[in-house]
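Engineer: Okay, predicted coordinates and the sequence, questions at the end:
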Amino acid sequence: MSRGHGVRKKPENTAEPPSFSEDVVSEIRELFSKTATYLKPACGEWFIPDPNESLRNEPHQHIRLQALKKSLNEVKNQLSDKNLEVWHQHTSFTNRAGKIIAHVRAAANAEVCTQAWCKFHEVLGSFNLVPERALQDGELNSVHLCEAPGAFIASLNHYLKSRFPFCDWTWAANTLNPYHEANDSGSMIADDRLIASTLPWWFFGTDDTGNIMSLNYVLELKRFLGNMHTVDLVTADGSFDCQANPDEQEALVAPLHYCEAVAALLLLSPGGSFVLKMFTLYEHSSVCLLYLLNCCFRAVHVFKPATSKAGNSEVYVVCLDHCEKDAARPLISKMIRNFGPDIAGRGALFPDRLIPESFLRQHEGVCAYFHEHQVRTITENLGLFQSMSAQERQRLELLRDCAVQFYTERFQVQRLPRHLWLCRNSVPACSTNGKLLNSRKQAGSFNERKKLQDLDWMAKVGLGTCKASIEEHVVEAAGKGCVLAGPADDCHIGSWYVLAGTALPKVRSSPFCDLELLKHLNEALEQSGLTKDGGRCVPSCGACTVYTPESILSELVDLHPSRLVQGACDQRLHCLVVGGSSLEECLPQTDELCLVCSEGPSHPSAGWTSLHDGEPRYQQELLGCILSSLRDLPTGGSLVLPLLSALTRFTAGLVLVLHWCFRSITFRCPAPADTFGAATGILLCSDYCQPTGDGLLEFLAEMQHSMANFPGAESPCQVLQFVPMEVLLKGALPEFLWTMNTAITRHRLHLLVQAEQHSNMATA
């Protein structure tokens, strides 16, 4: 085993600046030299074992590797009582590479310049990752797995545009779809700033989830890439949130690493390169995977970028020159037959007896090398956390400044004009306002978060950051001042399409709502006995102000533009109120309004389910209700529409339809439950402008007919989306939906908290 910077020679113009002392320069040079390279024996004893021996034996426990694991966990466990925010702030300062990202972002005008961007630029600058064949042909094809938010792609774009401007580059990407409501927000990256502007290049599969651990998805991805006559580079940057059990991070993520590797070996052309993010390499699953990669590539390096925090376990396995595609095909076929989230649990990929001793010795050396660096960093950080002298602070600042200059000179990061970015015409993604970017922030120490996991939903709400807003009673209904002015003028029916996929089991996430509130609400719905079949109904809160039908209609009259015209107050406004014929008895009949009531969509399980507005029958009936309303309303008319929520892309699309047809839309929450059923939100749509010649009503009618063919609640399929996500993210609609959904979610959770408190008091 050798250590170095892979196969790429260090650029000649990386002379260290004279302003830094030799010990500072030496430490930074070591920071940028964390590479271990496997050396294949000349005798050729490293080869792929017989596939008949794979996935049949129990995993082997390697004594020396398990000793390294135990040693590392003992050191890491000293962090369990540290407040995560405080510790993160401390290690950000002690991080020698901590200033590099900001410098590159400003000096190089780098797009999506995150830590991942800088790490991948190190990989590109340290290894001949782009095959010479691709550079000679002037054509490069790359595939990026588990890629959100897209920093590797942006980094590669910067590298190619600044160094090989005439290279014809084609790329495709995979990630868990941040817009799919059934994807768990804790398992995916919600940052969609690049995805929103480059959606045609992202493949989410026919089920629309983007789950790389699904066999159907991987086979579909290969077909999707059929137009690429070669795949020259595959990157895989996936991981799971393992904060609940950090000691077993490697084992937890092993199935994902297997699936990523199988996908890469299936896709890559001979001579191609593969970059795989991994962590510690102590388990037998990692031993087998690294051995397989060494058998399939001419050179394999384990690389720790300087811009990867030195105290974590993250490493990148860099595999160059794919050379054994035919030899690996029988084994890959067997792995595909066992593909899925439990692939690592179906037995060892290779029995221990078939892994050469020469490989094991090298692998143990690799693990010991990175173990030493990580333990040294954590130990130093713990010492500095207790006490840091002014002299130590000063030296750290020198090290950080030296690292910036070292990075800039070694990797020759050039400034890239904005017109060469991937997102030249940026779509304002949901994350641009920072809401989704901050949705996964962790707080407290590991021990505190561990205790929090075992608490019930009421206790979690009480300790959460949303506690005050959830407990607060409604004094004035939400929605005043939140107006969606229309009609929207950028809707082009020609780009709309119906996307059907697997029926949603629940709505776990939404780009149009506060995710912490939604998570709290789902836990409350699933754990409380108030909402289950046969359980008690959720009562309204007597301390909250709830709008009456009279006040809602009065506001609707005031919202109508004709009321602002002098002398027009005598005109009667046509108003369609959705909610059922029984409403006619409780609605006021006035000289100002010509009221018509119509049946509304039924509310599944009284509306209190973790499917929210994602229940297929509710969506079908809501579509039918809106379609009939648009057909019946006269020009200038108004619509009162109760709404469970608009968390799903389907319902968000229906709100966009209304935005296209009315000059003004606002909402009120909470709505009178005794009048409008389970809905806690009401849309007030004013001044109808009937669409003509655009095909909107015809499109909706055709979609309604298609949905009617799905066989009821047991259908495995559901319409997930009919308006392209790029359109749903435009204009004022996302902010309107966020405000409305968050208000509805907060009030539903408020009602559940109040009901639970009253129930506890009654049984006390």
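Structural biologist: Nice, I can see it. Just so it is clear, the model here is predicted, and its values are computed rather than measured. Numbers count the residues shown, from 1 in each chain.
Engineer: From here on, just use CA atoms for contacts and neighbour counts.
Structural biologist: Noted.
Engineer: Which residues are in contact with the spatially closest residue to L268 that is not a sequence neighbour?
Structural biologist: Residue nearest to L268 in three dimensions, not counting chain neighbours: V231, with 5.1 Å by C-alpha to C-alpha, 6 or more residues apart in numbering. Going by C-alpha atoms under 8 Å, 6 or more residues apart in numbering, V231 touches 140-143, 267-269, 272.
Engineer: 10 Å - rerun?
Structural biologist: 134, 140-143, 170-171, 225, 264, 267-273 (C-alpha atoms under 10 Å, 6 or more residues apart in numbering).
Engineer: Centroid-nearest residue for this protein?
Structural biologist: I189 (2.4 Å; C-alpha atoms, centre = their mean).
Engineer: gap between the nearest residue to that residue once chain neighbours are set aside and Q757?
Structural biologist: Of all residues not flanking I189 in the chain, A148 sits nearest, at 6.0 Å (C-alpha to C-alpha, 6+ apart). From A148 across to Q757, the span is 41 Å (C-alpha to C-alpha, to the nearest Å).
Engineer: and these two? which has more neighbours close in?
Structural biologist: A148 (26 against 12; other C-alpha atoms under 10 Å).
Engineer: For burial, what's the neighbour tally of the spatially closest residue to C167 that is not a sequence neighbour?
Structural biologist: Leaving aside its chain neighbours, C167 sits nearest to G138 (4.5 Å; criterion: C-alpha to C-alpha, 6+ apart). The tally of other residues near G138 (other C-alpha under 10 Å) stands at 14.
Engineer: what do you get for S71?
Structural biologist: For S71, using other C-alpha under 10 Å, the count is 13.
Engineer: can you check F385 too?
Structural biologist: 14.
Engineer: Tell me which other helices or strands the helix or strand encompassing N381 touches.
Structural biologist: Assigned by DSSP states H and E, N381 belongs to helix 357-386. On a contact count with 3 or more C-alpha pairs under 10 Å, 6 or more residues apart in numbering; DSSP states H and E, helix 357-386 meets strand 35-37, helix 63-76, helix 84-94, helix 284-296, strand 297-303.
Engineer: now do 8 Å
Structural biologist: helix 63-76, helix 84-94, helix 284-296 (3 or more C-alpha pairs under 8 Å, 6 or more residues apart in numbering; DSSP states H and E).
Engineer: That helix to helix 84-94, inter-axis angle?
Structural biologist: 100 degrees (axes from the mean of the first three to the mean of the last three C-alpha atoms, to 10 degrees).
Engineer: A helix includes V577, no?
Structural biologist: No - under DSSP: H, G, I helix; E, B strand; the rest coil, V577 falls outside any helix and is assigned strand.
Engineer: Spell out which residues sit in contact with it, please.
Structural biologist: V577 neighbours (C-alpha under 8 Å, 6+ apart): 595-598, 639-641.
Engineer: how about a cut-off of 6 Å?
Structural biologist: When contacts are counted by C-alpha atoms under 6 Å, 6 or more residues apart in numbering, V577 touches 597, 639-640.
Engineer: Looking at those, state which has the most neighbours.
Structural biologist: Ranking those using other C-alpha under 10 Å puts L639 first, with 27 neighbours.
Engineer: returning to that earlier point: how much space between the residue nearest to L268 and H322?
Structural biologist: From V231 over to H322 (counting by C-alpha to C-alpha), the distance is 11 Å.
Engineer: Likewise for W46?
Structural biologist: Counting by C-alpha to C-alpha - W46 and H322 are separated by 15 Å.
Engineer: and the gap between the closest residue to A154 other than its chain neighbours and R424?
Structural biologist: In space, and not counting its chain neighbours, A154 is closest to E111: 6.1 Å by C-alpha to C-alpha, 6+ apart. To R424, E111 is 10 Å away according to C-alpha to C-alpha.
Engineer: Looking at the two, which is more packed in?
Structural biologist: Set E111 next to R424 and count neighbours by other C-alpha under 10 Å: E111 wins out with 24 against 10.
Engineer: Tell me if the more buried one really is in a strand.
Structural biologist: No - per three-state DSSP, E111 lies outside any strand segment and is coil.
Engineer: how would you label the residue nearest to L268: helix, strand or coil?
Structural biologist: Note that with three-state DSSP, the state of V231 is coil.
Engineer: Just the buried ones from the contacts of V231?
Structural biologist: 134, 140-143, 171, 225, 264, 267-273 (16 or more other C-alpha atoms under 10 Å).
Engineer: Just the ones of those residues in helices?
Structural biologist: 134, 264, 267 (DSSP state H).
Engineer: Closest to V538 out of these?
Structural biologist: A264 (50.6 Å; C-alpha to C-alpha).
Engineer: State the pLDDT value of the closest one.
Structural biologist: On pLDDT, A264 comes in at 98.
Engineer: still on that earlier bit, pick the most deeply packed of the helices and strands packed on helix 357-386.
Structural biologist: Most buried of the helices and strands packed on helix 357-386 by mean neighbour count (mean count of other C-alpha atoms under 10 Å) is helix 284-296; its value is a mean of 22.
Engineer: Now do it: everything it contacts.
Structural biologist: Residues beyond helix 284-296 that count as contacts (C-alpha under 6 Å, 6+ apart) turn out to be 47, 59-60, 300, 322-324.
Engineer: who wins for neighbours among these?
Structural biologist: V300 (26 neighbours).
Engineer: OK, contacts around V112?
Structural biologist: A151.
Engineer: In stretch 332-343, which residues are buried?
Structural biologist: 332, 335-336, 339-341, 343.
Engineer: what residues does that stretch touch?
Structural biologist: So stretch 332-343 is in contact with 213-215, 255, going by C-alpha under 6 Å, 6+ apart.
Engineer: Need those in CSV (columns: distance to L156 and secondary structure).
Structural biologist: Formatted as CSV, the contacts of stretch 332-343 follow (distance: C-alpha to C-alpha, whole Å; DSSP: H, G, I helix; E, B strand; the rest coil):
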residue, distance to L156, secondary structure
M213, 25, coil
S214, 27, coil
L215, 28, helix
P255, 27, helix
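Engineer: Let me know the closest of these to E516.
Structural biologist: For the contacts of stretch 332-343, the nearest to E516 is M213 (26.0 Å; C-alpha to C-alpha).
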